[in-house]
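In: Starting from these lines, generate the structure:
(one chain, ligands or ions: 1)
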Amino acid sequence: AEEALRQSQKMEAVGQLTGGIAHDFNNLLTIIIGSIETATRRLDPEVDPRLRRSLENATKGAERAAALTHRLLAFSRRQPLRPRTTDVPRLLAGMSDLLTRTITESIAVAIDTPEELWKVEVDPNQLENAILNLAVNARDAMPQGGELTIRAHQQVIGPQNAEGLAPGDYVAISVIDNGSGMSTDTLARVFDPFFTTKEVGKGTGLGLSMVYGFVRQSGGGVTIDSELDKGTTVTLLLARANDSEQIETAPKTEAAKHGT
Ligand code: ADP
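Out: Numbering: from 1, shown residues only. So this is what the prediction gives:
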């Protein structure tokens, strides 16, 4: 729990700092892009084509930088959560098209969930975003192709669990790949904002820290199992919604046995 608090304070501080810097950068980039545009328009048609190409490259670079600042701004202005009673199997089924479009052909995507699962109390849009983030990470870890499986099941969490979660009923959503896996050094830093092993322009290092922030804020937890050259499993644990169906006579452990 202490670690979670430290992490959320870090996120908060990074968010504020990033928001400020991204905002200023964005203004400067607008000036740069505008000036290049004006200069290009005023170019003599006879001018050396290399000059025109240089200006085009400058614009492209500045536009990429602007796209990055927009992502940073979106990160710092994280939207307020709108938790709703959410049906995970339905949410996953609804994502199937988006997933196959995002994931390359060489990767087989499988969604493996029972038809019925306990409902969870989360912001469904942000949950979709989180799962998409994990799927993109899985894709990036399998440049040679592989298998991406999204699995969901019910889980009862007892007191004194490693994640510092409140004991109770949870739904676990795992995003599983058989890609590169992570070294222990990488694994120790994956939740740090801006930690990335991807090349510049490809990764911001914000994916997992955003996923972590969202899930913790929703009262859940994130666990990662990873082995180099074997693959990675990222699991989101989301608390069961307090819906009417939860009023049961059977003790919780019994309910779990029936559910799984
Ligand atoms: P980004 O994807 O922009 O790098 P993330 O916070 O999502 O940011 O991920 C941080 C780092 O964690 C990645 O750069 C990568 O090294 C590692 N990582 C995340 N997911 C996986 C995965 N499924 N397999 C292997 N490495 C991963």
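
In: so where does residue 33 fall, helix or strand?
Out: Element membership of residue 33 [criterion: DSSP states H and E] is helix 2-41.

In: ok, and does that helix reach over to the ligand?
Out: No: Helix 2-41 lies out of reach of the ligand by CB under 6 Å from any ligand atom, never closer than 11.9 Å. All C-beta atoms are positioned from the backbone trio N, CA, C, and that covers glycine.

In: can you check stretch 201-209 too?
Out: Yes: applying CB under 6 Å from any ligand atom, one finds stretch 201-209 touching the ligand at 203, 204, 205, 206, 207, 208, 209.

In: wait, does the helix or strand just after the helix holding residue 33 contact the ligand?
Out: Beyond helix 2-41 on the C-terminal side, the first helix or strand identified by DSSP H and E is helix 49-76. No: figure legend: helix 49-76 not in contact with the ligand (CB under 6 Å from any ligand atom); closest approach 9.6 Å.

In: now helix 49-76: how far from the chain's centre is it?
Out: Chain-centre distance of helix 49-76: 24 Å, with CA atoms, centre = their mean, to the nearest Å.

In: Identify each buried residue in it, please.
Out: Along helix 49-76, these residues count as buried under the neighbour rule (16 or more other CB atoms under 10 Å): 55, 58, 59, 62, 65, 66, 68, 69, 72, 73, 75, 76.

In: what does stretch 99-112 give?
Out: So, applying 16+ other CB under 10 Å, buried residues of stretch 99-112: 99, 103, 107, 109.

In: who touches it?
Out: For stretch 99-112, the external contacting residues (CB atoms under 8 Å, 6 or more residues apart in numbering) are 92-93, 95-96, 132, 135-136, 138-139, 142, 144-152.

In: ok, now stretch 182-191?
Out: Contacts for stretch 182-191 (CB under 8 Å, 6+ apart): 7, 195, 197, 208, 209, 212, 222, 224, 226, 228, 232.

In: Spell out which residues of the chain are next to the ligand.
Out: Neighbours of the ligand within the chain, by CB under 6 Å from any ligand atom: 137-138, 141, 177, 179-182, 186, 190, 195-198, 203-209, 232.

In: if you look at the contacts of stretch 99-112, which of them are in helices?
Out: 92, 93, 95, 96, 132, 135, 136, 138, 139 (DSSP state H).

In: Am I right that residue 150 is in contact with residue 130?
Out: No: Residue 150 lies out of contact with residue 130 (CB atoms under 8 Å); the separation is 11.6 Å.

In: neighbour count winner among these two?
Out: Between residue 150 and residue 130, residue 130 has the larger neighbour count (other CB atoms under 10 Å), namely 27 against 22.

In: Wait, a helix at that one?
Out: Yes: Residue 130: assigned to a helix according to DSSP: H, G, I helix; E, B strand; the rest coil.

In: Contacts only, for it.
Out: Contacts of residue 130 by CB under 8 Å, 6+ apart are 210, 211, 214, 215, 236.

In: any weak-confidence spans in the stretch 101-250 of the chain?
Out: 243-250 (pLDDT under 70).

In: which residues in it form helices?
Out: In the stretch 101-250 of the chain, the segments counted as helices under DSSP state H, counting those that start in this stretch are 124-140, 184-189, 207-217.

In: okay if I get the residues of stretch 201-209 next to the ligand as TSV plus neighbour count?
Out: Below are the residues of stretch 201-209 next to the ligand laid out as TSV (neighbours: other CB atoms under 10 Å):
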residue	neighbour count
203	16
204	19
205	15
206	24
207	21
208	22
209	22
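
In: Nearest to residue 118, out of these: which one, please.
Out: Sorting those by distance to residue 118 puts residue 208 at the head of the list, at 25.1 Å, by CB to CB.
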